[in-house]
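Asks: Please find the sequence and the predicted model below.
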Amino acid sequence: MRFYMDTARLGQACPAAMQVQCEFARLAAYDPSLCSIGFLRDGVTAWDEESREQFAALNSWLGIEQLKRHLADAFGVADAERIFLANQTSRLVRIAARTMLRQCRRVLTTDLNWPAWQSIVSDEAMRHGGWIVQVDVANDVLKNAATAADVVDSMAAAFERNSCDGLFIPAVSSLGIRLPVSSLVQRLKQRHELRFVMVDGAQAFCHVPLAEVLESCDVLIAGCHKWLGGYLPMGIAVAGNALTAEQFRCVAESEAVDAFSDPLMHLTEHLRSNRVNRYSETVNVVPMLTANATLAAQTSASATAAGCDRVKEPLEIRRRNARQLGAIMDDTLWKPIHVDDSVGSAIVLAQSIEPSLTLPEPEYLQSMFRQHGISLSAYSDGLLRFSLPATILQQHDMELISQAFRSVGQRLHVD
Amino acid sequence: MENPQQMSRFESRPIIAIVVGITGTVLAAVVGNTAVTTLWLGTLLSVVIGLLLRRRSLVDGSSIGLLETPYHLSHDAEIFERYQQMSQQLLRISQRSSKVYRDLSLQVLDEMTRRCVEMGQGRIVFSETETWRIAYERILRDPTVFTYRSVAVVHNPKYWQDAAGTGSMQFNFQLIDDQVITIERIVVIADHLWPKDQDMPVEELRQWIHEQSVHGIWMKLVRISDLKNEPELVRDVGIYGQLAVGTQQLADDNLRTQRFILNFDLNEIRNAERIWEKLGVYSTAYKDLLDQFRL
């Protein structure tokens, strides 16, 4: 794909991740027993020299603890003990929600929350006799150009009005709105008893810096298949402090959550405490290897480019690309939705401007752009979502994208 | 006994009320004005509600005559059965002539009466026993109780860490695991267990607090000296939803229960809630202390 701009749905795989997956498939065909508990715990150091040479692409795998350290570095937290892994992100969301609702009675959320996760949190609230309060933010940001300060004001007012004591918000929403988590939490803590902050970091991890967010939240949930480029989905939960990590572990280990237990989480937590259950479910461990390879490749790339921040500088490039993209839409059928810089991200939305035009199904619209080498997300009301790449788009790239917009527009008029 | 004339006057009252009601309604319908009809129906409804409430207050109070008592109690089969049994035994007691027997019986009856008065006021008292924990568990399992707010006044680092206390704590954890209730606890700590110059209470107590926090109990702490101007706040209290308030009085060792009073009176619950709110102002969340002073 010439211009891949659908990272918010599924990120482009990092070459190192692809290589590791192919190598692991080769290992599975040659000698699956090499994928032992020792290999998972200690990495390739558990193998003899010959095996290490034979499957050299797996040499970056140095065990689960090393993967957690890589992740801790990527999130900007010091303690790898605060990282949890799972095959399914939704299970981590369930555990985090339960940890939150054991302590909170009213949780403030927004209309920007991802519906599937919101539904899990609502379900947990119902089980605990708690309440979910939803504040509308999207309209203010997308139509009234609300700033981060406006968002903080309206959310703080809703928090106070509804006597809330918990917060569940995305750091970056699926529509690319970056919520001011740290300043909101700081504001709420000054005036209220804020007991628990749960953050959806799915669109934020490896897209925007998260160290500040993690300092102000209790749990952040993210995945590997979007902005990281780890290709295979794997859920990650990061506890904002040591106490929450213990609480999270306590909920995960309680019998009540057994119905939601996750094979990868069981394995990693059992290996951590040296009590492996050999009769448990077979676990898909490849996502750990691909994520690890991606993180290792990124670490070595940022080490090579001295002083280069692995998220901040790519974000700057993405934002610059976003501004350029907005500028070239002037003569097209779409108009960029301008949001204030303080809540902007590397995701750009564009809305069709001709209401009379009958727009095709999103899949068809996507395929029309695809024919011009552009991959993006399309929605039912003519809304397009672009996740900008971290490589600088040159003048001729912009001309090609602009040409694609015009061609698709013309075809829609003709059709 | 009421005389026949009075009875006939009382009996005629409902008929008069019905006649007045029907006449008024017919007149309102004849006038045909919606506002008049609404006003009339509203007045009738208010009168009916007022009379029902008056009747209820009469039943609640002590104005029920001695002879009406069995009639009112007969609506409650369980209480009525006990009333019958007690009345029969009182008759048997009064039939015995021995003075010594009579004096001893009266003493016991006085004690029983005192306890009945307590129960009538909505209080159940447990003295010198840990069996109150059975009632405590029953209350926390009650389907109407969703929150349990507790104030623990700690003078001894082993507070609630004996077998009975540990059992109750495990029960708390089980309730949280089962998603039955949410628990909040404010620990009021004697200054010798949390000196002013120390970030955290003594380790044994901190561990106890930490364990509860890990299991999902929202913990807040305050030093007793911080409450010196509001001594009434220093009380071992448990607020069980809107159902009851439990007050624990411990022996001098701050470990054994001397007295545990369960109070089901709504005013007492409101008072305890006021104490809880005031304590909330003085206390600091354990989680915030951990953030502030890393261990």
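Replies: Good, I have the coordinates.
Asks: Which helix or which strand is home to whichever residue of chain B sits closest to chain A?
Replies: Residue nearest to chain A within chain B: residue B:216 (3.2 Å; Cβ to the nearest Cβ). (Each C-beta comes from the backbone N, C-alpha and C, glycine too.) Following DSSP states H and E, one finds residue B:216 outside all helices and strands.
Asks: tell me how far the ends of stretch A:210-230 are from each other?
Replies: The first and final residues of stretch A:210-230 sit 18 Å from each other (Cα to Cα, to the nearest Å).
Asks: Report whether it contacts chain B.
Replies: No: for stretch A:210-230, no contact with chain B is found by Cβ under 8 Å from any Cβ of the partner chain; the gap never falls below 8.7 Å.
Asks: Now do that stretch: distance to the chain's middle.
Replies: On the basis of Cα atoms, centre = their mean, to the nearest Å, stretch A:210-230 sits 6 Å off its chain's mean C-alpha point.
Asks: okay, which residue is most central for the chain?
Replies: Went with chain A since none was named. By Cα atoms, centre = their mean, chain A has its centre lying nearest to residue A:202, at 2.0 Å.
Asks: could you do chain B instead?
Replies: Ranked by distance to the mean C-alpha position of chain B (Cα atoms, centre = their mean), the top residue is residue B:264 at 1.8 Å.
Asks: so what's the residue lying closest to that one once chain neighbours are set aside up against?
Replies: In this structure, residue B:264 finds its nearest non-sequential neighbour in residue B:122, 4.2 Å apart by Cβ to Cβ, 6 or more residues apart in numbering or on different chains. By Cβ atoms under 8 Å, 6 or more residues apart in numbering or on different chains, residue B:122 lies in contact with B:263, B:264, B:265, B:268.
Asks: Which members of those are the farthest-apart pair?
Replies: Spanning the widest gap among these are B:264 and B:268, at 8.0 Å by Cβ to Cβ.
Asks: near chain B, which residues of chain A show up?
Replies: A:98-99, A:101-103, A:105, A:127-130, A:193, A:195, A:241-243, A:246-247, A:250-251, A:254-256.
Asks: May I see the PyMOL selection of the buried members of those?
Replies: Typed into PyMOL, the line below selects the buried ones among those, using 16 or more other Cβ atoms under 10 Å in any protein chain shown:
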select buried, chain A and resi 98+99+101+102+103+105+128+129+130+195+241+243+246+247+250+251+254
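Asks: With adjacent residues omitted, what lies nearest to residue A:42?
Replies: Distances taken as Cβ to Cβ, 6+ apart place residue A:63 nearest to residue A:42, at 4.7 Å, with adjacent residues excluded.
Asks: can you redo the contacts of residue B:122 as a markdown table with distance to residue B:87?
Replies: Supplementary listing: the contacts of residue B:122 in a markdown table, determined by distance: Cβ to Cβ, whole Å:
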| residue | distance to residue B:87 |
| --- | --- |
| B:263 | 28 |
| B:264 | 25 |
| B:265 | 27 |
| B:268 | 31 |
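Asks: who does the helix or strand containing residue A:169 pair up with?
Replies: Residue A:169 is part of strand A:166-170, with elements assigned from DSSP H and E. Paired strands of strand A:166-170, with direction, are strand A:106-110 (parallel), strand A:196-200 (parallel) (DSSP bridges).
Asks: Next, count neighbours for residue A:119.
Replies: When neighbours are counted by other Cβ atoms under 10 Å in any protein chain shown, residue A:119 registers 13.
Asks: Quick check: it is in a helix.
Replies: Yes: under DSSP: H, G, I helix; E, B strand; the rest coil, residue A:119 falls within a helix.
Asks: so how far is residue A:90 from it?
Replies: To residue A:90, residue A:119 is 10 Å away according to Cβ to Cβ, to the nearest Å.
Asks: can you check residue A:261 too?
Replies: In terms of Cβ to Cβ, residue A:261 sits 12 Å off from residue A:90.
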